[in-house]
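In: quick one, what's the 3D model for this:
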Amino acid sequence: MENDNDEFPEVDGWKFADSSGEEDDPTIGEIAKKRPEFQELKDLGLTDKPAGGSIGVHVDATMWRARAATGTTYGRSWGPTSGRTPKQALIRCLVLMWTAHCESNADDKLAHKILGRLRKMWDANPGKP
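Out: Now for the predicted structure:
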């Protein structure tokens, strides 16, 4: 099932931090944005997305996901089964999203800086890739 904007498909349970549907339903996206791990990374300036990218959370499935403009989607779960904390899952998704962006946009210096900061954060507290 898709909404009017094909870039952001509606998937049962997913709450996107940047969904175009936020204007119609302000609760969409707010769940992702209010998660403590999202807030912590936002305060550090690390929740920016490249153009065409998206970040979403599925709380019931305990999973973060990020999508690069290249169309590649990366998802990482958290909890005892995955061996990741919610913050580690979010950071890993962001690292993968920015890596894909940097690989297809080698001249984007800001993107490389953001990716470097995310990798540093990941290296300080690595979880299961």
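
In: residue 117: neighbour count?
Out: Neighbourhood size, residue 117 [other Cβ atoms under 10 Å]: 16. (Glycine included, C-beta is placed from N, CA and C.)

In: repeat that for residue 126.
Out: Burial of residue 126, expressed as a neighbour count using other Cβ under 10 Å, amounts to 12.

In: just residue 45 next, same as before
Out: A total of 9 residues lie near residue 45 under the criterion other Cβ under 10 Å.

In: let's have the chain start at 707 instead
Out: Sure, I'll start numbering at 707, so the last one becomes residue 751.

In: and it, how far from residue 769?
Out: To residue 769, residue 751 is 24 Å away according to Cβ to Cβ, to the nearest Å.

In: show me the longest helix that occurs in the protein.
Out: Counting residues, the longest helix found in the chain (DSSP state H) is helix 792-810.

In: quick check: which helices or strands does that one pack against?
Out: helix 742-749, strand 760-764, strand 769-773, strand 779-783, helix 815-830 (3 or more Cβ pairs under 8 Å, 6 or more residues apart in numbering; DSSP states H and E).

In: let's see it at 6 Å
Out: For helix 792-810, the elements it packs on are helix 742-749, strand 769-773, strand 779-783, helix 815-830, judged by 3 or more Cβ pairs under 6 Å, 6 or more residues apart in numbering; DSSP states H and E.

In: so where's the protein shaky on pLDDT?
Out: Judged by pLDDT under 70, the chain has its weakly predicted residues at 707-735.

In: what does the longest helix of the chain contact?
Out: The contact list for helix 792-810, computed with Cβ atoms under 6 Å, 6 or more residues apart in numbering, reads 743, 756, 759, 770-772, 774, 776, 778, 780, 782, 784, 817-818, 820-821, 824, 827-828, 833.

In: filter the residues you listed down to the buried ones.
Out: Among those, those scoring as buried are 743, 756, 759, 770-772, 774, 780, 782, 784, 817, 820-821, 824, 827-828, 833 (criterion: 16 or more other Cβ atoms under 10 Å).

In: nearest residue to residue 788 other than its sequence neighbours?
Out: Closest residue in space to residue 788, ignoring its immediate chain neighbours: residue 834 at 6.3 Å, by Cβ to Cβ, 6 or more residues apart in numbering.
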